[in-house]
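[1] predicted structure and sequence below. I'll ask about it afterward.
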Amino acid sequence: MGSRASTLLRDEEIEEIKKETGFSNPQSLDFQKIPELAINPLGDRIINAFFPVGEDQVNFRGFMQTLAHFRPIEDNEKSKNAAVSEPLNSRTNKLLFAFRLYDLDRDDKISRDELLQVLRMMVGVNISDDQLGSIADRTIQEADTNGDNSISFTEFIKVLEKVDVEQKMSIRFLH
C-alpha cells in the first residue's frame, strides 16, 4: 500500500506555490462553475492549457500556475521589481497564454490555418467560410510586420497594445 503522506503537499511546497501564483490560500475550483469559462467559445482550449502536452492529468502546481494567469493584477503587483521574476498574471504572461490558444501547433507563430480554426471555434457556423477566410487574411495582413504570412508573439503584442488584457483576462476568485 502506498503512503498517504506521499500524495500530500508539504508546507514548503504550498508556500512556494503561493509565492509563484499569488494565491493566498489553496482554493477549490470547478471548471464548470467558472461562468467566464463556461460561456467562452474557447473554453475547451483554455481547459486543455492546464494539461502538459501529451498528458491527461495535471498536478496541483501546474494547475495553480495556469490558473494564476487569470488572477487580476493588484496595484501592488504593477510596480516592477527587477529582483523578482514577472508574475504569471502580468500583462506579458496573459498575452503569452492567449497567444498559445491560437498557436495550435506550438511553433511560436499563428498561421492563417490556425487563425481560421480558432475563428471557427469562436463563431461556429454563424459566418461563412469565405467570410472567415477574409477575416483571417485581413488579420494576418494587419498584424504581420515581417512579411512571413503569420503572427509572431511580438506582432501579437503590438496588435493588442491598446486592449485592456489585464481586465479581459481576469477572473475574480472568492476567498
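    The structure has been received and is ready for your questions. Residues are numbered from 1 along each chain as shown.
[2] mind listing what's buried in stretch 53-62?
    Neighbour counts over stretch 53-62 (16 or more other Cβ atoms under 10 Å) mark residue 58 as buried. To be clear about C-beta, it is placed using only N, CA and C from the backbone, and glycine gets the same treatment.
[3] now residue 89. Its backbone dihedrals?
    Dihedral angles of residue 89 (phi, psi; degrees, to the nearest 10) stand at phi -100, psi 20.
[4] look up how far residue 172 lies from the residue lying closest to it once chain neighbours are set aside.
    Counting by Cβ to Cβ, 6 or more residues apart in numbering, residue 89 lies nearest to residue 71, which is 4.3 Å off, once chain neighbours are set aside. Distance, residue 71 to residue 172, using Cβ to Cβ, to the nearest Å: 9 Å.
[5] ok, the most centrally placed residue in the chain - contacts?
    In the chain, the residue lying closest to the centroid (Cα atoms, centre = their mean) is residue 97, at 3.1 Å. Contact analysis of residue 97 by Cβ atoms under 8 Å, 6 or more residues apart in numbering lists 49, 66, 69, 169.
[6] who has more neighbours, residue 71 and residue 172?
    residue 71 (20 against 9; other Cβ atoms under 10 Å).
[7] now do the same contact list for that one.
    Residue 71 makes contacts with 21, 22, 23, 88, 89, 170, 171, 173, as judged by Cβ under 8 Å, 6+ apart.
[8] most surrounded residue in these?
    residue 89 (22 neighbours).
[9] I figured it hits residue 22, correct?
    Yes. Residue 89 lies in contact with residue 22 (Cβ atoms under 8 Å); the separation is 6.4 Å.
[10] so which strand or helix has residue 98?
    Using DSSP states H and E, residue 98 sits within helix 91-102.
[11] now do the buried residues in that helix.
    For helix 91-102, by 16+ other Cβ under 10 Å, it's 91, 94, 95, 96, 97, 98, 99, 101, 102.
[12] could you export those as JSON lines, including distance to residue 153?
    Converted to JSON lines, these look like this (distance: Cβ to Cβ, whole Å):
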{"residue": "91", "distance to residue 153": "13"}
{"residue": "94", "distance to residue 153": "12"}
{"residue": "95", "distance to residue 153": "8"}
{"residue": "96", "distance to residue 153": "7"}
{"residue": "97", "distance to residue 153": "11"}
{"residue": "98", "distance to residue 153": "10"}
{"residue": "99", "distance to residue 153": "5"}
{"residue": "101", "distance to residue 153": "12"}
{"residue": "102", "distance to residue 153": "10"}
